[in-house]
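[1] Following is a predicted model, sequence given first.
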Amino acid sequence: MRAARLTVVTAVATAAALTAVTGCTEKSKGDGDAAIKVTAADAKCETSTKSVPAGQVTLNIENTGSKATEVEILFPDDRIVSEKENIGSGTKYTLTAEVKAGEYEIACRPGMKGHGVRQKLTVTGSGAVAKRNPKLDKAVAEYREYAQEQADATIPKVETFVKAIKAGDLKAAQDAYAPSRVGWERTEPIAESFGDIDPKTDTRADGLEKGQKWTGWHALEKALWQDKKIGADQKTLADQLLTDLKDWQKRVGKAVITPTSMANGAKELLDEVATGKVTGEEDRYSHTDLSDFKANVEGAQKAYELLKPVAQTNDKALTTELDKQFAALDTTLDKYRTDKTSDGFVSYDKVTEEQRKELSDAVNALAEPLSKLAAAVVK
Amino acid sequence: MTDTQEAATPEAADSQAPSRRSLLGWGGAGLALGAAAAGGAVAMARVGNDVDPTAAETGAAVAFHGANQAGIATPVQDRLHFAAFDVQTDDRAEFVRMLKDWTAAARRMTAGKAVGEGAYGGLAEAPPDDTGEALGLKPSRLTLTIGFGPSLFEKFGLKDQRPEALVDLPQFPGDALDKTRTGGDLCIQACADDPQVAVHAIRNLARIGFGKVVIRWSQLGFGKTSSTTPDAQTPRNLMGFKDGTRNIAGTETDRLKKFVWVGDGDGPEWMTGGSYLVARRIRMHIETWDRTSLQEQEDIFGRDKGEGAPVGKAKEHDAPFLKAMKPDAHVRLAHPDSNNGITILRRGYSFTDGTDGLGRLEAGLFFLAYQRDVRKGFIPLQRSLSAKDALNEYIQHVGSAVFAVPPGVRDKDDWWGSTLFSKEA
């Protein structure tokens, strides 16, 4: 039990050390000893070797396909060691990275999206990155993919929101507000892990530090619901929000995600619900708290479902309880849908104190066992 | 989300095995004292025949096991945290498991130990079993007492087990009950000499209960208003008067048997050795009371303010001459002689929950009374008081609950509610 935990801890520490030293060069350096020739086409990704010694690894990339591509060296959990985006059709690029011994993958993503075409890469030598339970690597990789999908799907919704604001259409902007937040709320712990994006996009009026300019969703929320007007400032804020969220979208692939951070992230999403949504503080002007509430729970559930195969082996009673409490909370939330088919929820100012207590009780009933998930994963 | 900086270092992971809180100094001695007293029906921290006046200072432990639950006849501790819970689960087996988990936690906490694997030293990735704020504190005579409300018997197929004596309290004149402070499927009374020990106990039981039960309401009490130790100084309530002068003492085995404990044949069988608890949150109109003349205050109570002596008498413990008091004097109306001998064991606490929106103290008496049968205890008594008591001008009953308090946990294999839940549904 303890040994397994040490493995994870070591792996994480080593992985972090690695990111600090990787990088890519702009100029071609020619063929070194450890150079790998990567031929990226529209449907394939060929590599000249599957094994190189640890140290500086060079990829000589040629895009023979018709679309621009992206080539990455990936950890087993899909975190990016090093990458080059936007390699044009028919062009070459040399990517170098300092890589420690371990198992990796090289991914070509024609059209710069999707799972891409993968090749294994073994980096040999001492000081290897300790291996983690492959099931956990899979869980992390799938969670990262989920987070990326959420970010990708969020951008068009934010664009709709921004467009409405720039058109000065109050009603359309109000309608687009809650949907624009769903993908963000589902994966909020990842966004928060970057440190600098969340304060720009999701700060509430009371969360501002002295001298901090209020930007992001909630500044717009206040304008749309309380002040009920859209001016030049709001249009600038809307553009800024889109820019900041595109930055988030680009960085999801590099987020440090571990099985423990996934489990704790799930718990943190419930904490968000318990301290911000149940009280109605999060969306105090629009009262769309239940939409955020639902998204937080969905994101927590996704992380849980991915970790469940491992957690179930270690603590069956816990996963049984979590299944039950997720279902119970869903049932409770469903009562507040405006109609059974839509994603809309009733305005939170219409939810009585008694109903809020019922929601709060359901959140507590789930969050308490969820706080034990991380331990069940690393056991 | 946690990143690597927050991950445990290998050294930390390799640290010593989960450590349990060891009993510190007096705690150990207290345990021994508690064990010595546990032979009798009433567990008390005592030395010889005299209640140890320094018990509060020594922080002794009160025995958890016994024929009756501790926290009733036990000498009244200084502080209270009382919580009423509602049941969330409809799974009887899960509820019983929780009662067993609660019992195990209560057994440890009353002995001054931390819950489960303790508050530190366990897996770095998991929240500790115990919340930690009672670490290093003495057992502080903590008692934990469980009760089952009438609404519990609507669940789990318990309908036939509801005691006849567990009646729903009638509406009394002047009641202004707030439903968010009224009722509950079950209750835990936590009494201790250290408020942090009492709060820690409720907090940890609530945590164990998440998913099975939820807190409906809870009440802190900061000062005892009754004593079950007649030799000790009678405490005063927030009106400044001595309260509970004639209360049943923990040593009065005969009166306890007659008025407090459910006896053989009282029925139902599972309640034998138990008792019935009435809890009332009584708000005092402190500011208007304070403007009342001394004469009127003393007339209302029927005792003098300084000594606490009944009207016309010199000493607090002198037998009162009821007819010398005004017909609506509190002591006269509440006295057993005015109520065909009705006697209840009072264990109330003063509370002050800050101030209300008008700047008045949100204060009063959290009245707790134990009795053998509510129909022959609190109900007739309160009928009389609510109709006539001169004190009613200055008080208002704003919360109310009644509970069947099962007998004690007999030994380490027994658990709260075993006599009720061991029966087939």
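    Cool, got the structure.
[2] so what secondary structure elements neighbour the helix or strand where A:Glu354 lies?
    Element membership for A:Glu354 (DSSP states H and E) is helix A:353-370. Using 3 or more CB pairs under 8 Å, 6 or more residues apart in numbering or on different chains; DSSP states H and E, the elements in contact with helix A:353-370 are helix A:259-272, helix A:289-314, helix A:316-334, strand B:213-221. Using the backbone N, CA and C atoms, a C-beta is placed for each residue, glycine as well.
[3] how about 10 Å then?
    Counting by 3 or more CB pairs under 10 Å, 6 or more residues apart in numbering or on different chains; DSSP states H and E, the packing neighbours recorded for helix A:353-370 are helix A:259-272, helix A:289-314, helix A:316-334, helix B:195-209, strand B:213-221.
[4] Pull the number of nearby residues for the residue in chain A positioned nearest to chain B.
    With CB to the nearest CB as the measure, A:Ala375 is the residue of chain A nearest to chain B, at 3.4 Å. Here the neighbour count serves as a burial measure; for A:Ala375 (other CB atoms under 10 Å in any protein chain shown) it reads 22.
[5] who's in contact with the nearest residue to it once chain neighbours are set aside?
    Spatial nearest neighbour of A:Ala375, excluding adjacent residues (CB to CB, 6 or more residues apart in numbering or on different chains): B:Ala126 at 3.4 Å. Residues counted as contacts of B:Ala126 (CB atoms under 10 Å, 6 or more residues apart in numbering or on different chains) are A:371-376, A:378-379, B:117.
[6] Can you tell me which of those residues has the lowest confidence score?
    Taking those together, the minimum pLDDT is found at A:Lys379 (77).
[7] what's the burial count for the nearest residue to that residue once chain neighbours are set aside?
    Residue nearest to A:Lys379 in three dimensions, not counting chain neighbours: A:Asn314, with 4.2 Å by CB to CB, 6+ apart. A count of nearby residues for A:Asn314, using other CB under 10 Å, gives 15.
[8] confidence score at A:Asn314?
    According to the model's per-residue confidence, A:Asn314 sits at a pLDDT of 94.
[9] can you tell me the helix or strand for B:Leu368?
    Going by DSSP H and E, B:Leu368 is part of strand B:361-371.
[10] hmm, back to that, Provide a list of residues in contact with the residue of chain A closest to chain B.
    By CB under 10 Å, 6+ apart, the neighbours of A:Ala375 are A:1, A:5, A:260, A:263, A:311, A:314-315, A:318, B:122-127.
[11] Same question for B:Phe366.
    The contact partners of B:Phe366, by CB under 10 Å, 6+ apart, come to B:80, B:82, B:219-222, B:225, B:279-282, B:347-351, B:399.
[12] Could you tell me which of those residues count as buried?
    Buried subset of those (neighbour count, 16 or more other CB atoms under 10 Å in any protein chain shown): B:80, B:82, B:219-221, B:225, B:279-282, B:347-351, B:399.
[13] what's the next secondary structure element after the worst-scoring helix or strand of chain A on mean pLDDT?
    Between all helices and strands in chain A, the lowest mean by mean pLDDT, DSSP states H and E belongs to helix A:2-21, at a mean of 38. Scanning the chain past helix A:2-21 towards its C-terminal end, the next helix or strand to appear is strand A:35-40 (assignment: DSSP H and E).
[14] and residue 90, which of the three is it?
    All of this is about chain A. The assignment at A:Gly90 comes out as coil when based on DSSP: H, G, I helix; E, B strand; the rest coil.
[15] Not quite, go with chain B.
    With three-state DSSP as the basis, B:Asp90 sits in coil.
[16] Now do the strands in chain B.
    In chain order, chain B shows strands spanning B:46-47, B:50-51, B:79-87, B:143-148, B:186-192, B:213-221, B:223-224, B:275-284, B:345-346, B:349-355, B:361-371, B:395-405, with DSSP state E as the criterion.
[17] By mean pLDDT, show me the worst of the ones you listed.
    Set side by side, the strands of chain B give their lowest mean pLDDT on strand B:46-47, at a mean of 35.
[18] buried set for the helix holding A:Glu354?
    Judged by neighbour count (16+ other CB under 10 Å), helix A:353-370 contains these buried residues: A:358-370.
[19] same deal with stretch A:198-213?
    Neighbour-count burial for stretch A:198-213, with 16+ other CB under 10 Å as criterion, is recorded at A:198-204.
[20] just stretch A:140-155 next, same as before
    A:140-148, A:150-151, A:154-155.
[21] Which of these sits closest to A:Lys340?
    A:Gln150 (24.0 Å; CB to CB).
[22] quick one: low-confidence parts of chain B?
    Within chain B, the stretches falling below the threshold (pLDDT under 70) are B:1-58, B:423-425.
[23] From A:Met262, how far out is the residue of it found nearest chain A?
    Using CB to the nearest CB, the single residue of chain B nearest to chain A is B:Ala126, 3.4 Å away. For B:Ala126, the distance to A:Met262 (CB to CB, to the nearest Å) stands at 15 Å.
[24] Repeat that for A:Thr320.
    Per CB to CB, A:Thr320 is found 20 Å from A:Met262.
[25] what separates the closest residue to A:Leu306 other than its chain neighbours from A:Asp289, distance-wise?
    In space, and not counting its chain neighbours, A:Leu306 is closest to A:Ala139: 4.2 Å by CB to CB, 6+ apart. Using CB to CB, we find A:Ala139 at a distance of 30 Å from A:Asp289.
[26] got it, and A:Leu329?
    Per CB to CB, A:Leu329 is found 15 Å from A:Asp289.
[27] A:Ala375 too?
    A:Ala375 is 30 Å from A:Asp289, where distance means CB to CB.
[28] do A:Lys357 as well
    Note on A:Lys357: its distance to A:Asp289, by CB to CB, is 15 Å.
[29] And for A:Ala178, the neighbour number?
    Burial of A:Ala178 is recorded as 26 neighbouring residues (other CB under 10 Å).
[30] before we move on, back to that, adding distance to B:His335, write the strands of chain B out as JSON lines.
    Rendered in JSON lines, the data for these read as follows (distance: least, CB to CB, whole Å):
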{"stretch": "strand B:46-47", "distance to B:His335": "29"}
{"stretch": "strand B:50-51", "distance to B:His335": "25"}
{"stretch": "strand B:79-87", "distance to B:His335": "26"}
{"stretch": "strand B:143-148", "distance to B:His335": "27"}
{"stretch": "strand B:186-192", "distance to B:His335": "26"}
{"stretch": "strand B:213-221", "distance to B:His335": "25"}
{"stretch": "strand B:223-224", "distance to B:His335": "21"}
{"stretch": "strand B:275-284", "distance to B:His335": "18"}
{"stretch": "strand B:345-346", "distance to B:His335": "13"}
{"stretch": "strand B:349-355", "distance to B:His335": "22"}
{"stretch": "strand B:361-371", "distance to B:His335": "15"}
{"stretch": "strand B:395-405", "distance to B:His335": "18"}
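[31] Tell me which of those sits most buried.
    The densest packing among the strands of chain B, expressed as mean neighbour count by mean count of other CB atoms under 10 Å in any protein chain shown, is seen in strand B:186-192 with a mean of 28.
[32] got the residues of the stretch 101-250 of chain B near chain A?
    B:122-127, B:179-180, B:206-216 (CB under 10 Å from any CB of the partner chain).
[33] Just the buried residues of these.
    Burial by neighbour count, judged by 16+ other CB under 10 Å, picks out B:122-127, B:206-216 from these.
[34] how many neighbours does the closest residue to B:Arg332 other than its chain neighbours have?
    Computed as CB to CB, 6+ apart, the closest residue to B:Arg332 that is not its neighbour in sequence is B:Met325, at 4.2 Å. By the measure other CB under 10 Å, the count of residues near B:Met325 is 24.
[35] Would you agree B:Met325 is in contact with B:Asp304?
    No - under the criterion of CB atoms under 10 Å, B:Met325 is not in contact with B:Asp304, lying 11.5 Å apart.
[36] okay, and the common contacts of these two?
    B:298, B:310-312.
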